[in-house]
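**Student:** Here you go, sequence then predicted model.
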Amino acid sequence: MTDCIFCKIVSGAFNTPFVYETEDFAAFNDINPKADTHVLLVPKNHYESLNDIDDENLLGKLLMGVKLTAQKLGLKSYKTVINTGKDAGQEVFHLHIHILAGNIKGV
Ligand code: 5GP
Ligand code: ZN
């Protein structure tokens, strides 16, 4: 999806540094952090939201990716958030998991 900002980020269009990466996922810092650490973990393939993904294997890997990203960042305590749909506060329609730690203000 060419007009999707997260597709552009994972494709390397902006040379965004990834704090964690596998062949399926990339994690990068949120541009407007709501905590001392605020990372977004996204699948490299475009899924608009959690409602649009049926691949249980990929979903399992996504959650494992949260744990491994947190480990890589040295986080022992952190919050994960997935906003699904506009009414729940989703603003970017490419599935992503927020990983937040330290002085969390909420997303
Ligand atoms: P949502 O509200 O969709 O769950 O969260 C979208 C998140 O993406 C927000 O926390 C917002 O700050 C972040 N965001 C929006 N545009 C960009 C961007 O261009 N780069 C990065 N790194 N984060 C973005
Ligand atoms: Zn996308």
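**Tutor:** Arrived safely, thanks for sending. Ligands and ions are numbered 1, 2, ... in the order given.
**Student:** Going by C-alpha atoms from here, please, whenever you check contacts or count neighbours.
**Tutor:** Fine.
**Student:** Please name the residues that touch the spatially closest residue to I82 that is not a sequence neighbour.
**Tutor:** Spatial nearest neighbour of I82, chain neighbours left out: I97 (5.1 Å); criterion: Cα to Cα, 6 or more residues apart in numbering. Contacts for I97 (Cα atoms under 8 Å, 6 or more residues apart in numbering) come out as L40, L41, V42, V66, T80, V81, I82.
**Student:** do Q90 as well
**Tutor:** Taking Cα under 8 Å, 6+ apart, one finds N83, T84 in contact with Q90.
**Student:** Could you measure from it over to ligand 2?
**Tutor:** Distance, Q90 to ligand 2, using Cα to the ion, to the nearest Å: 13 Å.
**Student:** That residue: which element?
**Tutor:** Using DSSP states H and E, Q90 sits in no helix or strand.
**Student:** L68 too?
**Tutor:** Here L68, judged by DSSP H and E, is contained in helix 56-73.
**Student:** follow-up on the earlier one: report the separation between the residue nearest to I82 and V81.
**Tutor:** According to Cα to Cα, to the nearest Å, I97 stands 6 Å off from V81.
**Student:** Please apply the same query to L41.
**Tutor:** With Cα to Cα as the criterion, L41 and V81 are 10 Å apart.
**Student:** Pick out whichever of these two has more residues nearby.
**Tutor:** The neighbour count for L41 versus V81, taken as other Cα atoms under 10 Å, is higher for L41 (27 against 13).
**Student:** So that one: helix, strand or coil?
**Tutor:** Using DSSP: H, G, I helix; E, B strand; the rest coil, the structure places L41 in strand.
**Student:** related to what we said a few turns ago, out of the contacts of I97, which are close to ligand 2?
**Tutor:** When contact is defined as Cα under 5 Å from the ion, the contacts of I97 do not meet ligand 2 at all.
**Student:** before we move on, the earlier item: show residues contacting the helix holding L68.
**Tutor:** V19, Y20, F25, A27, L41, P43, I53, K76, Y78, I97, I99.
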